[in-house]
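Trainee: Whatever this is, show me its structure:
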Amino acid sequence: MARKSRSTMKVVLLEDIYKVGEAGEIVEVRPGYARNYLVPQGKAMFATPEVVNRLERIRQIAEEKRRAKMEEVGQIFADIKGKTVVIPAKVGPEGKLFGSVTARDIAQQIKKQLGYPEFDFHWIKLEENIRYIGSYPVELGYREGLSSSIQVEVVSEEEYSRRLAAPVEDESVIAPLEEEPAAESQKPDSGSEVEESNTFL
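Mentor: As a prediction, the model looks like this:
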């Protein structure tokens, strides 16, 4: 029995979408992906004749956004270069992890420990998942010409808890601390955490 062909529809991308295409391109995607995600999220428009006639302006706007994003990511890379994130893990015999540490895990800790909620796990250039406790240099990259590196230290959950309870002696090792007591002025704290997306604008 012949397999049914997968139906697709054409959209014009308004943002660079990882493994889909760049802003201003006309691409074919699954109808559900277009209707349920790309178009409602403002990342694409249906490729109607009217939209196609506006391609040049869409590309100009995308290029402006791209330049702004390059500046933003470049600043983040400069800020975190050489810093360390500490990742707790369940550890078995001989320091081998139950599971592994992935690029998503590292990005989550960069958001939490270093305070960059917009950090995208696609910026982490991890050749393979980390499977043992230890300290690892990890390269970061975004498009052509932007790169940086951080240190990732994987420790047991017990060691991680011990560090949280102890005074911080080495400021280069960044770990989330318990909430500080409110200041006398009782100023409210603020903060937010955003899950990583698949766009790489």
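Trainee: Tell me the strands beside the longest strand seen in the chain, with direction?
Mentor: Criterion DSSP state E: the longest strand present in the chain is strand 146-156. Partners of strand 146-156 in the sheet, by DSSP bridges, are strand 84-89 (parallel), strand 134-142 (antiparallel).
Trainee: Throw those into CSV and include mean neighbour count, thanks.
Mentor: For glycine as for every other residue, the C-beta is placed from the backbone atoms N, C-alpha and C. Formatted as CSV, the strands paired with strand 146-156 follow (neighbours: other C-beta atoms under 10 Å):
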stretch, mean neighbour count
strand 84-89, 20
strand 134-142, 15
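Trainee: Give the buried residues for the longest strand of the chain.
Mentor: Buried residues in strand 146-156, counted by 16 or more other C-beta atoms under 10 Å: 146, 148, 150, 151, 152, 153, 154, 155, 156.
Trainee: Break this structure down into its domains, please.
Mentor: If you go by automatic domain parsing, the domain ranges for the chain are 9-60, 75-174.
Trainee: I would like the residues contacting the longest strand of the chain, please.
Mentor: Identification of contacts with strand 146-156 by C-beta atoms under 8 Å, 6 or more residues apart in numbering yields 70, 73-74, 77-78, 80-91, 97, 101, 106, 110, 130, 132-141, 163, 173.
Trainee: low-confidence ranges in this protein?
Mentor: For the chain, the stretches flagged by pLDDT under 70 are 1-5, 168-201.
Trainee: how about the helices in it?
Mentor: 31-33, 49-52, 55-80, 103-109, 157-165 (DSSP state H).
Trainee: what angle do the third one and strand 146-156 make?
Mentor: Regarding helix 55-80 and strand 146-156, their directions subtend 50 degrees when assessed with axes from the mean of the first three to the mean of the last three C-alpha atoms, to 10 degrees.
Trainee: center of this structure - which residue?
Mentor: Most central in the chain under C-alpha atoms, centre = their mean is residue 120, positioned 1.3 Å from the mean C-alpha point.
Trainee: so how far is residue 156 from that one?
Mentor: Residue 120 is 28 Å from residue 156, where distance means C-beta to C-beta, to the nearest Å.
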